[in-house]
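Q: Quick one, fold the following:
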Amino acid sequence: MHKRNLLLKSDTVFTMKECVICGKSFSRADNLKRHMKIQHKDENDETDDDEVEKENGSQADDEDVPMEVDTNEDTPGYVDNVFDEVYGKHEETLAEYVTDPETVREMSTNRDVETFFRLKIIDRFVEDYSTYVAWRNDPTVAQWAKDATKLIKSEGIEDDIAIKRVLRKDDTIMDWVHDHLEEVGGDEEEDDEVD
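A: The predicted model follows:
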């Protein structure tokens, strides 16, 4: 596996890991492993997971690898997850980025790639913010968030587990589903009668 650094305008550096089979780049080792398992099932059987990790190496093995964005936590934060998701959806565009551009064309392509990802990431943040505002403004949903926060604090569980517990205990969603299906089902019956 080859590593390369992706430097964004904010001077945030992501160490990219490349698949030795197809050359696709990934910002996280677990994404590369998942890619190997899914896309290269047959070839991956011959490659041992320890060998993949050894080829990826740790950041301490590379002299020129700058400090990661989030060095204090083992798990990526929200911003890292957004970047990884956006990069994952647009791997072809990410592959166009040249880490050490030497020509004007490469520099121009890099600017285009950076602009593309900047806009995609902004769109994702706006989408998430809209969801956040909706959660905050809807009394039922706001109560779910409060209940989940209480569970997180009292039981020390992960966010996603807490909200799942809260949602599974509340019958509101089932009522909404039932009402919606009644409306949708009612429309189909009326259409059948007209025909």
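
Q: per the record, what domains does this protein have?
A: 3-130, 139-194 (automatic domain parsing).

Q: Now the shortest one: average pLDDT?
A: Translated: domain 139-194. What domain 139-194 shows for mean pLDDT is 84.

Q: ditto for stretch 98-117
A: Stretch 98-117 comes out at a mean pLDDT of 92.

Q: could you dump that stretch to CSV, C-alpha only?
A: Listed next in CSV are the C-alpha coordinates belonging to stretch 98-117 (Å, rounded to 0.1, in the frame of the first residue of the first chain):
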residue,chain,number,x,y,z
VAL,A,98,-1.8,15.2,-7.2
THR,A,99,0.1,15.5,-3.9
ASP,A,100,3.1,17.2,-5.5
PRO,A,101,1.9,19.1,-8.5
GLU,A,102,4.6,19.9,-11.0
THR,A,103,2.7,21.4,-13.9
VAL,A,104,0.2,24.3,-14.2
ARG,A,105,-2.4,21.7,-15.3
GLU,A,106,-1.8,19.6,-12.1
MET,A,107,-2.1,22.7,-10.0
SER,A,108,-5.3,23.8,-11.7
THR,A,109,-6.7,20.3,-11.3
ASN,A,110,-5.9,20.4,-7.6
ARG,A,111,-7.6,23.7,-7.2
ASP,A,112,-10.7,22.3,-9.0
VAL,A,113,-10.6,19.2,-6.8
GLU,A,114,-10.3,21.3,-3.6
THR,A,115,-13.2,23.5,-4.7
PHE,A,116,-15.3,20.5,-5.6
PHE,A,117,-14.7,18.9,-2.2
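
Q: Enumerate the positions of it that are buried.
A: 109-110, 113, 116-117 (16 or more other CB atoms under 10 Å). Heads up, the C-betas are built off the backbone N, CA and C, glycines and all.
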